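Asker: give me coordinates for this.
(2 chains)
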Amino acid sequence: MKKEILTSARTGDSCIHVKHSSGLDIYISEMNDFSSIEALIGTKYGSVNNIFRNAADSDYTTVPEGIAHFLEHKLFENEDCGVFELYARTGASCNAFTSFDKTCYLFSCSKNYEENLEILLDFVQKPYFTKENVDKEMGIIGQEIKMTNDNPEWRVFFNMLRGMYHNHPIKTDIAGTEESISHIDADLLYKCYDTFYNLNNMVLSIAGNISADKVLEICDRCLRPSEDKGLETVFPDEPDEIVTSEITEKQPVGASIFQFGYKCTPSDGEQRLRDVAAASTAAALLTDPALPMCERLLKEETINSTFDGEVFYGSGYFTVYFSGESDRPREVRDALFEEIDRLINEGIREKDFQRIKKTAYGMMIRGLNNVEAVANLMLNAHMDSVGPYDTIEVLSDLTCDDVIDYMRRELRPDRSVLSVITKEA
Amino acid sequence: MIYKRSELGDSIGFNTMVDKKFKTCSLAIYFLTELSDKTAAANNLAASILTVSSSTYKTYAALSEKLSELYGAGLGSSARKKGDAQILGLRASWLDNRYAIDGEDIGGEMRRLIRDCLFNPNAENGAFDEKSFAMVKKDLIDRIDGELNQKRSYALEQAEKLAYRGEPAECTGYGSREAALSADPEEVYRAYSELLKTAQIEIYYVSPEEDDSFAEMFRTSFSSIDRQPKTVSMRNHSPLKAEVETLSEEFDVNQCKAVLAFKTDSDDRYALKMLSIIYGELPFSKLFLNVREKMSLCYYCSSRSVSVKGSFFVDLGVERSNIEKAKAEIMAQLEEIKKGNITDDEIQGALMALDNAVLQVGDTPSSYIGWYLDCFCDGETITPEEHFRRFEEVTKERMIEAAKSLELDSIYLMLNKEVQAE
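Answerer: Numbers count the residues shown, from 1 in each chain, chains lettered A, B, ... in the order given. Presented below is the predicted three-dimensional model:
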């Protein structure tokens, strides 16, 4: 077992990282002034990981879309009872989620964290899939798929991704389709479980009113050592070009919404951290109400205060996108084209750049003020192969030129996609 | 944590919570007033406009620039309803001074900025600034138009409108489209003046160190206002309709939504909350275990007790062909409770969940503020521990009585167009 203390030189915050002998990475942040405890265990397995093999396998296995999410639902059932029932006895609030590149199981509590942690570690290591319990889940997940298909924010986002990506599975819905999940059975779930729920592919993150020694003692007792089988996941080749520059869909909505994004070059590890810092700063500048473009669009009522910019990334995908409500989304797109050109040619005012950096710094400090946010920060940083406090350091080193370079390189009009959900006639 | 409440003026409470663990300071000011379709939109616009400009920072751009210089300090407004009352809020939060890299006095700057926004707004000759007004008006109309974008919350809003027809709570907390469209800068300025004069005002300040400067600022600023506060009647039980009323709407949606509204004459809010947890609030509740897990009819099916209005809601997303089957099971599970089918494990599970939840009050500034505001609305300030003790006292018999008091009042259905046409 290898133990290290990670500290932020800038804020003084620290946490413990342990590479456990079972193969699991563990992050612990003792925040003993707080009452609550937040714990997450996650595997690097999300909706995009549909082609994979272990080192000993000769061929790759391809599984149906939506299976990671399906597995998440089913892992909540033990042979003798449901996980919710176990947590009902301790009072913890438990949940799980599947994203594009990870699946996480979590609990939040202010009492009995030792018992809650034991339950968490136990059930993620104890799958129980049968034909009956798989069939039963079809109807529930079918309703979840229908519900998300009625969510215009979800639709506008996926339409944008479909406009960007030819082959990468990022363009498919996390839960799959009713058709794709109909091919899932207990054997396939076990195959995916055995591949991805190997502790070498997982991380535990726990923060709040806890004792690190106690947490490690529970881990020693509950974790069953996993052999690292050399998991390899692959993605289809993805060209740099987009599929289409504009997608519009009609839906029963009251307000038309849009997302406008740039397909950017994906990266990993520390390079990705630098790309994210530059891209986030660019997005913040381009949506800053203090700057003339936003001020004009607000005044002309082309946008409202929902206008926002974000960076979205993972294995083999990276996009900077802007979203909001507007009846004239093409005008927003054209304004962004012009403003990016202007910033590239005229540069960013140092004063504005420093303001945006200060805002980002403020947001990070706020995140360290909250048990849930700290637990998520540690988990996400590990999933991204960086340290929990690395972002603050990278941000402080970021220069105006880095941001201009990023915009020039990545925010290219020919790699942009406008997705719109409009009202039905 | 040290909690104190003092009166700064007639019906103006100032609540301080000092808690060393926080890296930020938070301030919230709430105006409590009667909910009415005539004033809700104007009140909401007034609260909004205070956070987009001031007499010092005359444009949204200028105010935004200042806030970002202060390490991205937050400033926003909210408008919601509780029972028959409208609660308008202004919230601000900022980094504690010890995190200012360049040694700025962030707290002092925020105090001046908040004073300016509230007591020296961007207005002249009895009217708010036109440009700021246009911006918040568009935001509000877009928000109202966007209600349908979120299908579940839209269905719940329609169910409330149906259940509370003819009562103040029929309105949303943010106002109607018609009222928002007809509002002008003069009317909204008058609405704000009226709020300053007549609303019940509660202010909350959460900081890591003791700091009287905000209380002093508010005391001085309010001293020049002629206060004539009006009592707000929040807790009014909604009458049961003579016959169950059903309202359905058709949309081109994939999933239908159903909301069942019940009414109760019970004032036992602790028993109603315990009932709701056991019946449908958590993943071990009866509705989850039966309607979802056993019958696979839905992804969500949950209940909520609104004790200030003597009402109780169950909502779910479901196939149209399964609505009646789901409704029958929802009613059957309620009947089971009425018959006394509540296990000790269920009661214990509900109490454990409540215990964990109340102990987390104080882990974020907003949870402190939410807790003490709720206490104020309920007319009694108690600790989370005392709150939990009252739940512990709820007997199975009280829960059964609460269940027996529920009568179905109305049903809202969002239906799939295609299936309807068959």
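
Asker: so residue A:60 touches residue A:234, yeah?
Answerer: Yes. Residue A:60 lies in contact with residue A:234 (Cβ atoms under 8 Å); the separation is 6.5 Å. (Glycine included, C-beta is placed from N, CA and C.)

Asker: for the residue of the stretch 251-400 of chain B found nearest chain A, grab the count of nearby residues.
Answerer: Residue nearest to chain A within the stretch 251-400 of chain B: residue B:352 (2.7 Å; Cβ to the nearest Cβ). As a burial measure, residue B:352 scores 19 neighbours (other Cβ atoms under 10 Å in any protein chain shown).

Asker: what does residue A:265 give?
Answerer: 11.

Asker: tell me if I'm right that it and residue A:319 touch.
Answerer: No. Using Cβ under 8 Å, residue A:265 is not in contact with residue A:319, being 10.5 Å away.

Asker: before we move on, the earlier item: which neighbours do residue A:60 and residue A:234 have in common?
Answerer: A:51-52 (Cβ atoms under 8 Å, 6 or more residues apart in numbering or on different chains).

Asker: how is chain B carved up into domains?
Answerer: Annotated domains of chain B cover B:2-223, B:245-416 [automatic domain parsing].

Asker: the helix or strand hosting residue A:333 near chain B anywhere?
Answerer: If you go by DSSP states H and E, residue A:333 is part of helix A:329-346. No. Counting by Cβ under 8 Å from any Cβ of the partner chain, chain B has no neighbours in helix A:329-346; the shortest distance is 13.7 Å.

Asker: where in the chain is pLDDT low?
Answerer: Picked chain A for this. Chain A contains residues with pLDDT under 70 at A:425.

Asker: oops, wrong one, chain B.
Answerer: B:418-422.

Asker: can you tell me the SS state at the most centrally placed residue in it?
Answerer: Note on chain B: the residue nearest the mean C-alpha position is residue B:80, at 5.0 Å, using Cα atoms, centre = their mean. Under DSSP: H, G, I helix; E, B strand; the rest coil, residue B:80 falls in the strand class.

Asker: what residues of stretch B:100-115 count as buried?
Answerer: B:100, B:106-107, B:109-111, B:113-115 (16 or more other Cβ atoms under 10 Å in any protein chain shown).

Asker: which residues in the stretch 51-200 of chain B form helices?
Answerer: B:60-69, B:106-119, B:130-145, B:151-163, B:177-182, B:185-198 (DSSP state H, counting those that start in this stretch).

Asker: export the longest one as PDB, just CAs?
Answerer: Yep, that's helix B:130-145 we're talking about. C-alpha atoms of helix B:130-145 as PDB (Å, rounded to 0.1, in the frame of the first residue of the first chain):
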ATOM      1  CA  GLU B 130     -35.300  51.400 -19.000                       C
ATOM      2  CA  LYS B 131     -32.500  49.300 -20.300                       C
ATOM      3  CA  SER B 132     -32.100  47.200 -17.100                       C
ATOM      4  CA  PHE B 133     -35.900  46.900 -17.100                       C
ATOM      5  CA  ALA B 134     -36.000  45.600 -20.600                       C
ATOM      6  CA  MET B 135     -33.400  42.900 -19.800                       C
ATOM      7  CA  VAL B 136     -35.200  41.500 -16.800                       C
ATOM      8  CA  LYS B 137     -38.600  41.700 -18.500                       C
ATOM      9  CA  LYS B 138     -37.300  39.600 -21.400                       C
ATOM     10  CA  ASP B 139     -35.700  37.100 -18.900                       C
ATOM     11  CA  LEU B 140     -39.000  36.700 -17.100                       C
ATOM     12  CA  ILE B 141     -41.100  36.300 -20.200                       C
ATOM     13  CA  ASP B 142     -38.600  33.700 -21.600                       C
ATOM     14  CA  ARG B 143     -38.700  31.900 -18.300                       C
ATOM     15  CA  ILE B 144     -42.500  31.700 -18.400                       C
ATOM     16  CA  ASP B 145     -42.500  30.600 -22.000                       C
END
